[in-house]
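Enquirer: Got a predicted model here, sequence first, then my questions.
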Amino acid sequence: MNALSEAEATAAVEPDASAALGVQQELPLAIVQGMPFLTLPQDLYIPPDALEVFLETFEGPLDLLLYLIRRQNLDILDIPIARITDQYMEYVELMRELRLELAAEYLLMAAMLAEIKSRMLLPRPQVDAEEGADPRADLIRRLQEYERFKQAAADLDALPRLERDHFVVEAGVPPGCIQRRPPDVDLREVLLALREVLARAELFSSHRVEKEPLSLRERMSQVLERLHGGGFARLTDLFDPSEGRPGVVVTFLALLELIKSSVLELVQSESFAPIHVKLRERASPEFHEQPAA
Amino acid sequence: MNSPPLKTIIEAALIAAGGPLTLDQLLGLFGEDERPERAAILDSLGELAADYAGRGIEIAEVAGGYRVQVRASVAPWVARLWDEKASRYSRALLETLALIAYRQPITRGEIEDVRGVTVSTNIIKTLTEREWVRVVGHRDVPGRPALYATTRRFLEYFGLRSLNDLPPLSEIRDPESWLGGELVSRPPDAPVPPSPSPNVLLTSEQTENTP
Amino acid sequence: MNSPPLKTIIEAALIAAGGPLTLDQLLGLFGEDERPERAAILDSLGELAADYAGRGIEIAEVAGGYRVQVRASVAPWVARLWDEKASRYSRALLETLALIAYRQPITRGEIEDVRGVTVSTNIIKTLTEREWVRVVGHRDVPGRPALYATTRRFLEYFGLRSLNDLPPLSEIRDPESWLGGELVSRPPDAPVPPSPSPNVLLTSEQTENTP
């Protein structure tokens, strides 16, 4: 029982491997000690997880169809459309029962198969080659096209590649011999990058972001820099009256923001005593890792 | 200063570069007055490749340049230097990458047509982030979809000299054939010649087999 | 698999490591069952050092271990690699920098949330080494993530008096207002196939906005 379910699981997870057995007609569900099993024992329990994994290994309807064709060693150019359609529908049903998220593409393919099947039943006019084109032609073309890129993907994966089969070497140079010049950056490049990332995150729509003045952000950084050495600072020392009212307001907002986000804390020893500000708790060692010069 | 032998300079540069160097870049290491002939550099490369026979490293020709890399035969040991396991890529990602590589420039819609499923934004993001793929323009149709192509870094990563080095695509058998027509096999539409030669310079084959 | 000679493994590891390796790290490359004696590793190191006589590289014993480095005698030539290269920063780095500038103080996690992909340690390291970005505190949440902000040097480099000189976010979506002159050309190492438009970056930017 144990061995059987294990073999079953393997066969289930790797459709390609089982197809490679080259068995005509029905695929054995499992091979136990060399003996193929064609039917499931009545009492065999297949964990639903295993089935899910199995079904999720398909990269879409074309992949599933290819699997159905290949596992029966059928010629792709002459697929028995009725049989394949029935099997395809079984899988789609199974996915539904398991409530797997069934991509719309699978249903579209089901409809297409049904249509081809019905057209195959109609008598085909022999005369005109154009008119009488096999209804399967388009599907076969797509299957082949997909299959060659499925193969190309596998070939690509098999190429010896960096980080797996080869590693780039990078020997050091004795210190002092080389001054690596860091790349130049144009501010517009930075802004373009920002524009792109914001467009991706769709942050443009957020009013909160748009209205937030940059001076507030900058002031938050400045306050943190002031408090960086640790210890307490008098709240009043953080304000610079020479900046005028807007400057003081910005500092105040920056403090509120930092306190709200649990970076700073306020301490007052007793009522009406001076209020002090400090960074919350001593930070991890990284905190001290400031650039040396 | 007495100039050290050409070969030692080339070797040190290749080993320090951290990526492939083109012949021009190698020439650029030398001042006007001391610049060697291209042939001399190629000779040095050949000699180095021979020196590296039976060693832990080899010279490979990739992405239009030359690089020193760890030999595949010792890679499993070297890989233990880094904790991370080499990432495995999903089939969806590899299929998308393959379509971009063989059919570039290509739009996302065209990729989806062949694969029969939507291409997730995440895949495109990963491919661009790894700098294997980039947008090279937009097709002039409604929606102006982005056109994707592979980069030099893609060639470097997969150890290809050029796109011509990609494994050839399998042929398509024409469905017309079973209607009684002639069997016409469409020529593989992508990279030109299947290139059987390994891009590792010289002697690599022998040494891969050395016990 | 037949194990390659000890010396080739040691060599490849040292050359690939990009920094010194201790004897213990070298031993760690081998599985329990195949682990060589320390003396054998030392022997290999000695042999390699002898092999490298008269070559472009050498084995140096530095604090913390052994490393392969470029010989000082060829370093002047090798150094020219970086004169010319002045490589480009990745899009990922620029995006990270931009987010730190506009959303500071910000944690790595928050950057990742906006970008939708992880921010590599390397990017943070490069930005800190360049002194454009620094840790200004830690958020008091589990893990106490570092908060990053831009530095005075960042302002200096980009010729800004203060962050207020940066265009407001609301203007970012409209590049015409700040793009001004021509955009600096993109890295030469970009796409392999000829790109249809000369200034690809610009094209892609404009068109992303078109409805």
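Expert: Cool, got the structure.

Enquirer: can we go C-alpha only for contacts and neighbour counts from here?
Expert: Will do.

Enquirer: Can I get the host helix or strand of residue B:93 in CSV, CA atoms only?
Expert: If you go by DSSP states H and E, residue B:93 is part of helix B:91-103. Extracted in CSV, the C-alpha atoms of helix B:91-103 (Å, rounded to 0.1, in the frame of the first residue of the first chain):
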residue,chain,number,x,y,z
ARG,B,91,8.6,26.3,-17.0
ALA,B,92,6.4,29.4,-17.5
LEU,B,93,9.4,31.6,-17.2
LEU,B,94,11.6,29.5,-19.4
GLU,B,95,8.9,29.2,-22.1
THR,B,96,8.5,33.0,-22.1
LEU,B,97,12.2,33.5,-22.2
ALA,B,98,12.5,31.0,-25.1
LEU,B,99,9.9,32.8,-27.1
ILE,B,100,11.6,36.1,-26.6
ALA,B,101,15.0,34.6,-27.5
TYR,B,102,13.8,32.9,-30.7
ARG,B,103,11.2,35.4,-31.8
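
Enquirer: Show the backbone phi and psi for residue B:53.
Expert: phi -60, psi 130 (degrees, to the nearest 10).

Enquirer: Just give me the neighbour total for it.
Expert: If you count neighbours by other Cα atoms under 10 Å in any protein chain shown, residue B:53 ends up with 19.

Enquirer: Ok, residue A:136 next?
Expert: Neighbour tally, residue A:136, other Cα under 10 Å: 21.

Enquirer: That one reaches residue A:115, doesn't it?
Expert: No - Residue A:136 lies out of contact with residue A:115 (Cα atoms under 8 Å); the separation is 9.9 Å.

Enquirer: Chain neighbours aside, what residue packs nearest to the closest residue to chain C within chain A?
Expert: Nearest residue of chain A to chain C: residue A:169, at 4.2 Å (Cα to the nearest Cα). By the measure of Cα to Cα, 6 or more residues apart in numbering or on different chains, the closest residue to residue A:169 outside its immediate chain neighbours is residue C:16, 4.2 Å from it.

Enquirer: name the element that neighbour belongs to?
Expert: helix C:6-17.

Enquirer: Output that helix as CSV, restricted to C-alpha atoms.
Expert: Taking Å, rounded to 0.1, in the frame of the first residue of the first chain, the C-alpha atoms of helix C:6-17 are listed here in CSV:
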residue,chain,number,x,y,z
LEU,C,6,41.9,18.5,-5.1
LYS,C,7,44.1,21.2,-6.6
THR,C,8,41.6,22.1,-9.3
ILE,C,9,38.8,22.5,-6.8
ILE,C,10,40.9,24.7,-4.5
GLU,C,11,42.0,26.8,-7.4
ALA,C,12,38.5,27.3,-8.8
ALA,C,13,37.1,28.1,-5.4
LEU,C,14,39.8,30.7,-4.7
ILE,C,15,39.5,32.4,-8.0
ALA,C,16,35.7,32.4,-7.9
ALA,C,17,35.3,33.5,-4.3
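
Enquirer: packing partners for that helix?
Expert: Helix C:6-17 sits against strand B:57-62, helix B:75-78, helix C:38-51, strand C:65-70, with contacts defined as 3 or more Cα pairs under 8 Å, 6 or more residues apart in numbering or on different chains; DSSP states H and E.

Enquirer: Residues touching it, excluding its own?
Expert: A:167-171, B:15, B:54-57, B:70-71, B:74, B:77-78, B:81, C:20-21, C:26, C:41, C:44-45, C:47-48, C:66-68 (Cα atoms under 8 Å, 6 or more residues apart in numbering or on different chains).

Enquirer: Just the buried residues from these, in ChimeraX please.
Expert: To isolate the buried ones among these in ChimeraX, judged by 16 or more other Cα atoms under 10 Å in any protein chain shown, type:
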select /A:167,168,169,170,171 /B:15,54,55,56,57,70,71,74,77,78,81 /C:20,21,26,41,44,45,48,66,67,68
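
Enquirer: Test my guess that residue A:191 contacts residue C:98.
Expert: Yes - Residue A:191 is within contact range of residue C:98, at 6.8 Å (criterion: Cα under 8 Å).

Enquirer: If you tally nearby residues, what's the number for residue A:66?
Expert: When neighbours are defined as other Cα under 10 Å, residue A:66 has 18 of them.

Enquirer: And it, what's its pLDDT?
Expert: Predicted confidence (pLDDT) at residue A:66: the value is 92.

Enquirer: Over to residue B:190?
Expert: Residue B:190 carries a pLDDT value of 40.

Enquirer: try the one 4 residues further on
Expert: Predicted confidence (pLDDT) at residue B:194: the value is 37.

Enquirer: is stretch B:149-165 anywhere near chain A?
Expert: Yes - Stretch B:149-165 reaches chain A (Cα under 8 Å from any Cα of the partner chain) through B:156-159.

Enquirer: mind listing which of those are in helices?
Expert: Under the assignment DSSP state H, the residues of stretch B:149-165 next to chain A contribute B:156-157 to helices.

Enquirer: Quick one: which of the residues of stretch B:149-165 next to chain A is the most crowded by neighbours?
Expert: Sorting the residues of stretch B:149-165 next to chain A by how many neighbours each has (other Cα under 10 Å) puts residue B:159 first, at 25 neighbours.

Enquirer: Run a quick neighbour tally on the nearest residue to it once chain neighbours are set aside.
Expert: Leaving aside its sequence neighbours, residue B:159 sits nearest to residue B:62 (Cα to Cα, 6+ apart; 5.5 Å). Counted with other Cα under 10 Å, residues neighbouring residue B:62 total 25.
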